[in-house]
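Participant: Sequence first, predicted coordinates after that:
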Amino acid sequence: MPHAARVGLLPMYLELYDRVLPEMRPAFSPFLAEVRDQFQRRGVHVLQESICRTQDEFAAAVNRIEHADVDILVTLHLAYSPSLESVDVLARTSLPLLLLDTTMDAAFGVGTDSKRIQYNHGIHGVQDLASALLRRRRTFSIVAGHWRISALFDRAVSHVRSAAAARALRRMKVLRIGESFKGMGDFYVEEDELKNRLGIEVLQADTRPMTRAAGEIPEDEVIEEVQADQRRYAVEVSDEVHRRSVRAGLALRRVTDAAGCGACSFNFLAFESNREPLSTPPFLGASKMMAERYGYAGEGDVLTAALVGGLARSYLVNFTEMFCPDWEGNAIFLSHMGEFNPECAEGTVSLVEKDFPFTEALNPAILVGAMKQGPAVLVNLAPGPDDTFRLLAAPVDIQPDTDRADMRQIVRGWFRVPTDVAAFLEWYSTNGGTHHCALVHDASLEAIADFASYCGIPCAVQSVVR
């Protein structure tokens, strides 16, 4: 499961009310507690600050929030709060901002007691602050409504999860083992560009650290992992193939952790030895690491590995490629050589032996299965001209699995899009999409667009029907 997202909750108020109407403030305590509870029951950790009224109070509170490792700062106007008390510090903070536009009462009709005005007029404080932030060119998000009669908190939490994923991407460290696959130009980006533009740090290594790590893994640990696989998957490989693949996978995990990385990628051609302790590529380990929310992409693609890792902070995500178009069936076949997040599977996940004729390395064991059926979002992080990037997001529908026995020995999935296949492929390549993608199973298209916004990059959404 992903780590709980963290918000800094900043309650906003007017100092004048404390001086002339001191009895007002205690009445907001249950409302504030309800707001906090609504976030927490949706799996979000809340750091609630003291109620702020003045510039000094806002500056101190935002400073504490900035040092508390939160993913997003959420403002809540309990009543009117003049923007000039808070806008300077909010405009300066590097944290994403979400303005929560709600009130204590759900109804305020013609029969309302005039005394309720004092407890339900925070919306014009939101308007004041939003206007002031825009004049300072400070981006923010906003959700409005009342939690009892709208999806206010579901929408707010969607923003929180998107912001958490974006923060993870922009802080991602990726380990690349072997060189980027020779000749693949679409996902290749210079390391300085990744760091400067997206915050992604790349650590380069050959297979020697993995070989050392593989040699240090106790046999008991290998046996324990083999037994765990036998409980989790339908194991259809020999014990020898299984053990060498487990050892390679554990070594991949160890070197990734030792480097302090949240994502990894390897070039399968870098694995050339057929001798222990590292005699096969770590496809099995890469698949299991995706299930544990590490980022991954094949062929040395650190860009997509970072994308998968960032999205995995909040969502269920798989690395994949579009392989073959089904022109007649208006679908596209998804697969990859030997990497598959088993948490994204529909039905049984099998462990099978994969022929590996590319180097002297021995055949690996890989996980295979059908991709989870239903709606998903296909996501790509596409490099553009002049060191720019664009996120591509397309709504897809994963189709039922095949009944062919030969297809059941590979990673597989078919998806359809709202348009026809030809129009989709034209849109995808016109926007520079690379041949490596992330498939997100539990996020809306709007959430992925918000993720792009929090990353500070434009998003192209596929929605054209031809």
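Facilitator: Everything's here; your move. Numbering: from 1, shown residues only.
Participant: When you work out contacts or count neighbours from here on, use the C-alpha atoms and nothing else.
Facilitator: Fine.
Participant: now the helices for the chain?
Facilitator: With DSSP state H as the criterion, the chain has helices at 15-20, 29-40, 55-66, 87-92, 123-135, 152-170, 191-198, 208-216, 219-232, 239-258, 283-291, 302-312, 421-430, 445-455.
Participant: Next, the angle from the longest one to helix 208-216.
Facilitator: For helix 239-258 against helix 208-216, the angle between stretch directions is 120 degrees (axes from the mean of the first three to the mean of the last three C-alpha atoms, to 10 degrees).
Participant: Also compute the angle for helix 239-258 relative to helix 283-291, please.
Facilitator: Going by the same axes, to 10 degrees, helix 239-258 makes 50 degrees with helix 283-291.
Participant: Could you give the average pLDDT over helix 239-258?
Facilitator: Averaged across helix 239-258, the pLDDT comes to 98.
Participant: Mind listing what's buried along it?
Facilitator: Across helix 239-258, burial judged by 16 or more other C-alpha atoms under 10 Å covers 241-256.
Participant: try the second one
Facilitator: Taking 16+ other C-alpha under 10 Å as the basis for neighbour counts, the residues of helix 29-40 that come out buried are 31, 32, 35, 36, 38, 39, 40.
Participant: circling back to that earlier point, looking at the buried residues of helix 239-258, which is nearest residue 20?
Facilitator: residue 256 (59.3 Å; C-alpha to C-alpha).
Participant: my read: that closest one touches residue 262, true?
Facilitator: Yes: counting by C-alpha atoms under 8 Å, residue 256 does reach residue 262; the two are 7.4 Å apart.
Participant: Tell me the spacing between residue 124 and residue 131.
Facilitator: Residue 124 is 11 Å from residue 131, where distance means C-alpha to C-alpha, to the nearest Å.
Participant: need the contact list for residue 320.
Facilitator: Contact analysis of residue 320 by C-alpha atoms under 8 Å, 6 or more residues apart in numbering lists 334, 335, 336, 340, 436, 437, 438, 439.
Participant: what residues are up against the fourth one?
Facilitator: Residue 340 makes contacts with 287, 290, 318, 319, 320, 367, 368, 369, 411, as judged by C-alpha under 8 Å, 6+ apart.
Participant: Kindly recompute the last result at 6 Å.
Facilitator: If you count contacts by C-alpha atoms under 6 Å, 6 or more residues apart in numbering, residue 340 has them with residue 287.
Participant: Residue 18 too?
Facilitator: By C-alpha under 6 Å, 6+ apart, no residues touch residue 18.
Participant: Show the pLDDT at it.
Facilitator: For residue 18, pLDDT reads 95.
Participant: do the one 10 residues further on as well
Facilitator: In this prediction, residue 28 carries a pLDDT score of 96.
Participant: Distance check, it against residue 136.
Facilitator: Using C-alpha to C-alpha, we find residue 28 at a distance of 30 Å from residue 136.
Participant: got it, and residue 259?
Facilitator: 40 Å.
Participant: Then residue 120?
Facilitator: 27 Å.
Participant: out of the two, which sits in the more crowded spot?
Facilitator: Per other C-alpha atoms under 10 Å, whichever of residue 120 and residue 136 has more neighbours is residue 120, with 20 against 13.
Participant: Show the contacting residues for the more buried one.
Facilitator: Residues near residue 120 by C-alpha under 6 Å, 6+ apart: 103, 104.
Participant: pLDDT at it, what is it?
Facilitator: pLDDT recorded at residue 120 is 93.
Participant: how about the nearest residue to the most centrally placed residue in the chain, chain neighbours excluded?
Facilitator: By C-alpha atoms, centre = their mean, the chain has its centre lying nearest to residue 311, at 1.4 Å. Nearest non-adjacent residue to residue 311, counting by C-alpha to C-alpha, 6 or more residues apart in numbering: residue 165, 5.0 Å away.
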